[in-house]
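J.: Structural data only, the sequence is not supplied:
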Ligand SMILES: [Zn+2]
């Protein structure tokens, strides 16, 4: 039997083996310290440790430098119970032929170039999945680095003419896709922050938050694009205000016209004509 940690070689204590949960797919066992170290890099280990081998863990610790700041990570671990966590893709990914994949990959690459997409290196895995996630007739209108609040997974937000999609592909795990069809989005909102602003998508059911660590200016640019699409209510309200202002102005002019008529400067006919014109503006 294994009585030493497969990673650091320390003798396992009863605390390490008590719950029997530190066992890897190849029979190796991790001590609690090593498990904590690895799961700080990829939190999903905690839920599916037995899917990984000791080599996976070694490679994660050696290469997995996904580090959005330790402060932040501690916060994440504490608050991991959150209803807005991303879901694992099931129907989100389409099975397509290798040729079609290549073709779509190229198209998507062109679209990203045209958009001047400013994505971090951590999003390469997500970009690779896009040919399987986007429909053949979907075009990327905007894209930015964004990760689900309270998770450690890097990810992207993609806007197409049909929907907003969040894609997140952590190491060793399935791609997670969340799909927000245009008709389900009530509005979008933005919380400014000097480092990592938050983009919120409001649907009928919930508000989903994404933190943007990579590039705050890019996140702002992305938001100013999507708010034009999704915040129609706000745009309508602004338009109503403009209308209100202009109708006040019209009434004011009518009053002046009335004075001009009373003063004998305008004839009754001239007054009627001006009045008709002004009322037409309302
Ligand atoms: Zn260990």
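T.: Happy to help now that I have it. These numbers were taken from a predicted model, which means no experiment stands behind them. Numbering: from 1, shown residues only.
J.: Can you give me the end-to-end span of stretch 184-199?
T.: End-to-end distance for stretch 184-199: 16 Å, by Cα to Cα, to the nearest Å.
J.: Also stretch 133-146?
T.: End-to-end distance of stretch 133-146 (Cα to Cα): 17 Å.
J.: how distant is it from the center of its chain?
T.: Here stretch 133-146 shows a centroid-to-chain-centroid distance of 12 Å under the convention Cα atoms, centre = their mean, to the nearest Å.
J.: From the centroid of this protein, which residue is nearest?
T.: For the chain, the residue nearest the mean C-alpha position is residue 157 (4.0 Å; Cα atoms, centre = their mean).
J.: I figured that one hits residue 218, correct?
T.: No. Counting by Cβ atoms under 8 Å, residue 157 does not reach residue 218; the two are 10.8 Å apart. C-betas here are computed from N, CA, C, even on glycine.
J.: Name the residues contacting each of the two.
T.: Counting by Cβ atoms under 8 Å, 6 or more residues apart in numbering, the common neighbours of residue 157 and residue 218 are residue 144.
J.: Residue 99 falls within a helix, correct?
T.: Yes. Counting by DSSP: H, G, I helix; E, B strand; the rest coil, residue 99 is found in a helix.
J.: In three-state terms, label the residue nearest to the centre of the chain for me.
T.: strand.
J.: Nearest residue to residue 51 in space, ignoring adjacent ones along the chain?
T.: residue 25 (6.0 Å; Cβ to Cβ, 6 or more residues apart in numbering).
J.: before we move on, back to that, next up, the contacts around the residue nearest to the centre of the chain.
T.: Here residue 157 is in contact with 143-144, 146, 164-166, 199, 210, 222 (Cβ under 8 Å, 6+ apart).
J.: ok, of those residues, which come out buried?
T.: 143-144, 146, 164-166, 199, 210, 222 (16 or more other Cβ atoms under 10 Å).
J.: Ranking helices and strands of this protein by mean pLDDT, which lands last?
T.: helix 70-78 (a mean of 37; mean pLDDT, DSSP states H and E).
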